[in-house]
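Enquirer: Next come a sequence and a model predicted from it.
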Amino acid sequence: MAVTKRVRIYTEEDVANHKSAKSCWITCRGKVYDVTGFVPDHPGGDDLILAYAGMDVENIMKDGDSHDHSDSAYDMLEEYVIGRLGTDATVVRDDWEAPDDFHPEDTNSAEDFEKTQFLDLRTPLLSQMWQANFSKSYYLQQVHQPRHLQESARLFAYDIFEVCTRTVWYVVPLVWLPITANLFLRSMLQFNGPIPTFLSNPLLPLSLTSTVTLDAFAKTLPCFFLGNFIWTILEYGMHRFLFHIDEFLPDHSAFLTLHFLLHGIHHYMPMDRLRLVMPPLLFGILQAPFTRLAYILFPTPVANGIISGSFAFYILYDCMHYALHHTKLPAYLRHMKKYHLAHHYKNFELGFGVTSKIWDYVFKTVLPV
């Protein structure tokens with residue numbers, strides 16, 4: 001069945017939000033009805049319908065003591081159908097505990113789609129998201145119920161686009177470590193005096209390393225550590241307030257698709273090895289406003305030192321994120337692995353720290369594990 005012809009899927013929460021004479025929804029036999037226009041014409045009076053607004057009416061419509069409705073009443077009700085209720089089955093649960101050797105079972109793609117009518121893992125996901133006919137509430141419910149496949153699910157139909165969405169973990173240090181080192185060297189050299197810009201001579205710091213003084217190193221190092229600290233705030237803040245902007249997300253396919261691309265797909269398929277670290281292009285886009293702000297607020301030597309420290313901790317963050325999902329780890333990291341997996345499988349509204357819990361403690365979002 002074509003995605004665009006799917007009946008719109010709602011949750012019970014969607015229906016419960018429409019419980020007034022101005023907007024009256026009800027459910028019956030798994031379908032959702034907007035009976036706002038029928039409320040004034042109800043033979044039993046509008047009070048009877050409004051008493052069950054936002055609720056299921058199947059039992060009351062069959063209740064002989066109240067009024068057992070005829071077949072024609074059910075036929076009339078069909079004129080007001082606007083969609084159906086989606087499944088409320090969940091994987092995430094409050095009593096979930098991560099075992100030391102966590103290997104979730106693979107999802108049966110055909111059975112999953114037949115049951116949920118959410119996304120068909122056998123076909124490219126991006127076009128389904130763009131055209132999908134489900135509410136924001138149903139999207140958020142389903143995207144936070146993890147699925148697992150042996151191979152990465154496709155986002156795009158064309159390989160040239162698909163390859164850009166998959167990133168092996170070691171690409172992150174290969175791309176960003178040289179940039180980080182260059183910025184650190186530039187910071188030290190700039191504390192000694194002005195040097196040409198990166199674009200005019202990107203490899204200049206390598207030829208001038210012998211001229212770096214201990215005094216310049218002593219000035220750059222605190223900037224680097226400040227950058228480390230700033231990254232921990234950015235890590236928590238972006239994870240909580242950008243990637244989990246669920247409450248303020250507009251109920252429109254364009255915004256749901258953007259959310260899915262930024263972070264939703266990671267919660268939907270949390271063990272996908274090729275989508276656990278950011279593609280270099282995505283991080284390049286996300287870091288741009290922050291690095292620009294650093295150059296506005298601080299002198300160039302200080303800004304480069306801070307940015308190098310932030311980039312260093314970003315590399316640590318992304319590599320650690322991969323390890324938390326797929327690697328056997330020492331004691332502290334084993335605890336952080338359980339903590340992060342609990343964010344996926346126990347409560348996605350808590351536990352936003354990945355490299356540490358420090359800001360979860362500060363902002364009271366610690367997830368008990």
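Expert: Thanks, I have it.
Enquirer: So for the chain, which residue is the most central one in space?
Expert: What sits nearest the mean C-alpha location of the chain, by Cα atoms, centre = their mean, is residue 263, with 2.8 Å.
Enquirer: count of neighbours near the nearest residue to that residue once chain neighbours are set aside?
Expert: In this structure, residue 263 finds its nearest non-sequential neighbour in residue 243, 3.7 Å apart by Cβ to Cβ, 6 or more residues apart in numbering. All C-beta spots, glycine's among them, are computed from the backbone N, C-alpha and C. By other Cβ atoms under 10 Å, 16 other residues sit near residue 243.
Enquirer: do the same with residue 255
Expert: Residue 255 - counted by other Cβ under 10 Å - has 15 other residues nearby.
Enquirer: just checking, it touches residue 249?
Expert: Yes. Counting by Cβ atoms under 8 Å, residue 255 touches residue 249, with 5.6 Å between them.
Enquirer: which residues of the protein fall in strands?
Expert: 9-10, 19-20, 23-28, 31-34, 81-85 (DSSP state E).
Enquirer: Any idea which of those strands gets closest to residue 202?
Expert: strand 9-10 (51.3 Å; Cβ to Cβ).
Enquirer: Who are the contact partners of residue 349?
Expert: residue 244 (Cβ atoms under 8 Å, 6 or more residues apart in numbering).
Enquirer: worst-scoring helix or strand of this protein, pLDDT-wise?
Expert: helix 204-207 (a mean of 78; mean pLDDT, DSSP states H and E).
Enquirer: Pull out the buried residues from that helix.
Expert: Across helix 204-207, burial judged by 16 or more other Cβ atoms under 10 Å covers 204, 205.
Enquirer: Any chance you could list what contacts that helix?
Expert: Contacts of helix 204-207 (Cβ under 8 Å, 6+ apart): 182, 185, 186, 189, 195, 196.
Enquirer: count of neighbours near the second one?
Expert: Neighbours of residue 185 under the rule other Cβ under 10 Å: 21.
Enquirer: was I right about residue 105 contacting residue 148?
Expert: Yes. Assessed by Cβ under 8 Å, residue 105 is found in contact with residue 148 at 6.8 Å.
Enquirer: The two: which is more packed in?
Expert: Each of residue 105 and residue 148 has its neighbours counted (other Cβ under 10 Å); residue 148 has more, 15 against 6.
Enquirer: So for the nearest residue in space to the more buried one that is not next to it in sequence, what pLDDT did the model give?
Expert: Once flanking residues are discounted, residue 148 sits nearest to residue 104: 4.7 Å by Cβ to Cβ, 6+ apart. pLDDT, residue 104: 86.
Enquirer: Equivalent analysis for residue 64, please.
Expert: pLDDT at residue 64 comes out at 66.
Enquirer: Could you do residue 2 as well?
Expert: Value for residue 2, per-residue pLDDT: 37.
Enquirer: what about the stretch 1-150 of the chain, any weak spots by pLDDT?
Expert: 1-6, 64-68 (pLDDT under 70).
Enquirer: Would you map the helices across it?
Expert: Counting by DSSP state H, counting those that start in this stretch, the stretch 1-150 of the chain has helices at residues 12-16, 46-50, 58-62, 71-77, 109-116, 125-131, 136-143.
Enquirer: May I see those helices organised as CSV, with mean neighbour count added?
Expert: Formatted as CSV, these follow (neighbours: other Cβ atoms under 10 Å):
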stretch, mean neighbour count
helix 12-16, 18
helix 46-50, 15
helix 58-62, 14
helix 71-77, 12
helix 109-116, 14
helix 125-131, 18
helix 136-143, 23
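Enquirer: okay, the ones you listed in a markdown table with distance to residue 208 next?
Expert: Formatted as a markdown table, the helices of the stretch 1-150 of the chain follow (distance: least, Cβ to Cβ, whole Å):
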| stretch | distance to residue 208 |
| --- | --- |
| helix 12-16 | 61 |
| helix 46-50 | 78 |
| helix 58-62 | 78 |
| helix 71-77 | 79 |
| helix 109-116 | 56 |
| helix 125-131 | 46 |
| helix 136-143 | 49 |
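Enquirer: The top helix by length along the chain - contacts with which helices or strands?
Expert: In the chain, with assignment by DSSP state H, the single longest helix is helix 300-326. Under the contact definition 3 or more Cβ pairs under 8 Å, 6 or more residues apart in numbering; DSSP states H and E, helix 300-326 sits against helix 171-192, helix 214-238, helix 280-297, helix 331-345.
Enquirer: Could you check the angle the third one makes with helix 214-238?
Expert: Following axes from the mean of the first three to the mean of the last three Cα atoms, to 10 degrees, one obtains 120 degrees for the angle between helix 280-297 and helix 214-238.
Enquirer: which other helices and strands contact helix 280-297?
Expert: Looks like helix 280-297 contacts helix 171-192, helix 300-326 (3+ Cβ pairs under 8 Å, 6+ apart).
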